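Colleague: Got a sequence here, can you build the structure:
(chains A and B)
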Amino acid sequence: DAGITQSPRHKVTETGTPVTLRCHQTENHRYMYWYRQDPGHGLRLIHYSYGVKDTDKGEVSDGYSVSRSKTEDFLLTLESATSSQTSVYFCAISSAGTGTNTEAFFGQGTRLTVV
Amino acid sequence: QQQVKQSPQSLIVQKGGISIINCAYENTAFDYFPWYQQFPGKGPALLIAIRPDVSEKKEGRFTISFNKSAKQFSLHIMDSQPGDSATYFCAAVGSGSARQLTFGSGTQLTVLP
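Modeller: Numbering: from 1, shown residues only, chains lettered A, B, ... in the order given. Purely as a prediction, here's the structure:
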């Protein structure tokens, strides 16, 4: 895997508790993304970052926040976890730029269960 | 509202057969169409991709056919092997600088030995 580490790999948490997932890259790529994967929906973009402290919302951003204080780290926070946020979360990185076909590389995923 | 529609949801093929997965998109601003392969417990990995100014792209046993006017594209896996058993996602990339991926819902392919 292209220098992407997600932590934790598995987590069970209770409804209403805050949860933070971490994505760490060693590729020095500019762009980082958080997706969630659910059966029947494929992968859906939650938030993405195009540089340190520069982030933007994706398709399913409600209930999630992100932060990127260093190029290598992108954090996803569920402020108050709900059962609908039970999912597998993937971080991806890319050196993307307009007009390029740059590949996005995905981490191994974090399986989050909210009970 | 799903911007990229993928079918079938699951596919079972005999070894040596042809696997065909279809996708359709709505947003004409998409300018790059990759296919990702995902094995259980792993993240998706790029398999093959095409730009809309090309009607077909072939890499080994994998071929993408692209129909710009119909806004449809498909993945053909020739001589399918049990090792091809995985989930396949079509995707589309917008023209923005962040190059976000919009995924189809996925196809679970099983190749029987």
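
Colleague: tell me which parts of chain B are close to chain A?
Modeller: Contact residues (Cβ under 8 Å from any Cβ of the partner chain) of chain B with chain A: B:4, B:6, B:9, B:32, B:34, B:41-46, B:49, B:51, B:89, B:95-106. (Glycine included, C-beta is placed from N, CA and C.)

Colleague: Residue numbers of chain A in contact with chain B?
Modeller: Residues of chain A lying near chain B (Cβ under 8 Å from any Cβ): A:1, A:4, A:31, A:33, A:35, A:40-45, A:48, A:50, A:56, A:58-59, A:90, A:92, A:94, A:96-98, A:100-109.

Colleague: Selecting buried members of these in PyMOL, what would you type?
Modeller: Typed into PyMOL, the line below selects the buried ones among the residues of chain A next to chain B, using 16 or more other Cβ atoms under 10 Å in any protein chain shown:
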select buried, chain A and resi 4+31+33+35+41+42+43+44+45+48+50+58+90+92+94+96+102+103+104+105+106+107+108+109
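
Colleague: Okay, and which of the residues of chain A next to chain B map to helices?
Modeller: Within the residues of chain A next to chain B, no residue falls in helices by DSSP state H.

Colleague: which non-adjacent residue is nearest B:Leu101?
Modeller: Leaving aside its sequence neighbours, B:Leu101 sits nearest to B:Ala91 (Cβ to Cβ, 6 or more residues apart in numbering or on different chains; 4.6 Å).

Colleague: so that neighbour touches B:Arg99, yeah?
Modeller: No. Between B:Ala91 and B:Arg99 there is no contact, the gap being 10.7 Å when judged by Cβ atoms under 8 Å.

Colleague: which residues do those two both contact?
Modeller: Residues touching both B:Ala91 and B:Arg99 by Cβ atoms under 8 Å, 6 or more residues apart in numbering or on different chains: none at all.

Colleague: Which parts of the chain are strands?
Modeller: You didn't say which chain, so I picked chain A. A:4-7, A:10-13, A:19-25, A:31-38, A:42-51, A:54-57, A:64-70, A:73-78, A:87-94, A:105-106, A:110-114 (DSSP state E).

Colleague: Chain B was what I was after
Modeller: B:4-7, B:10-14, B:19-25, B:33-38, B:45-50, B:56-59, B:62-67, B:72-77, B:86-93, B:101-103, B:107-112.

Colleague: need the ones you listed in TSV with mean pLDDT, can you?
Modeller: Formatted as TSV, these follow (pLDDT from 0 to 100):
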stretch	mean pLDDT
strand B:4-7	96
strand B:10-14	98
strand B:19-25	98
strand B:33-38	96
strand B:45-50	94
strand B:56-59	96
strand B:62-67	96
strand B:72-77	98
strand B:86-93	95
strand B:101-103	91
strand B:107-112	98
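
Colleague: Quick check, pLDDT for A:Ser94.
Modeller: Looking at A:Ser94, its pLDDT stands at 88.

Colleague: quick one, what contacts it?
Modeller: With contact taken as Cβ under 8 Å, 6+ apart, A:Ser94 is in contact with A:His29, A:Arg30, A:Tyr31, A:Met32, A:Tyr33, A:Thr102, A:Glu103, A:Ala104, A:Phe105, B:Arg99.

Colleague: Tell me what A:Ile93 is bridged to.
Modeller: A:Met32, A:Phe105 (DSSP bridges).

Colleague: For it, give me its contacts.
Modeller: A:Ala2, A:Ile4, A:Gln25, A:Glu27, A:His29, A:Tyr31, A:Met32, A:Tyr33, A:Ala104, A:Phe105 are the contacts of A:Ile93 under Cβ under 8 Å, 6+ apart.

Colleague: Sweet, I'm off.
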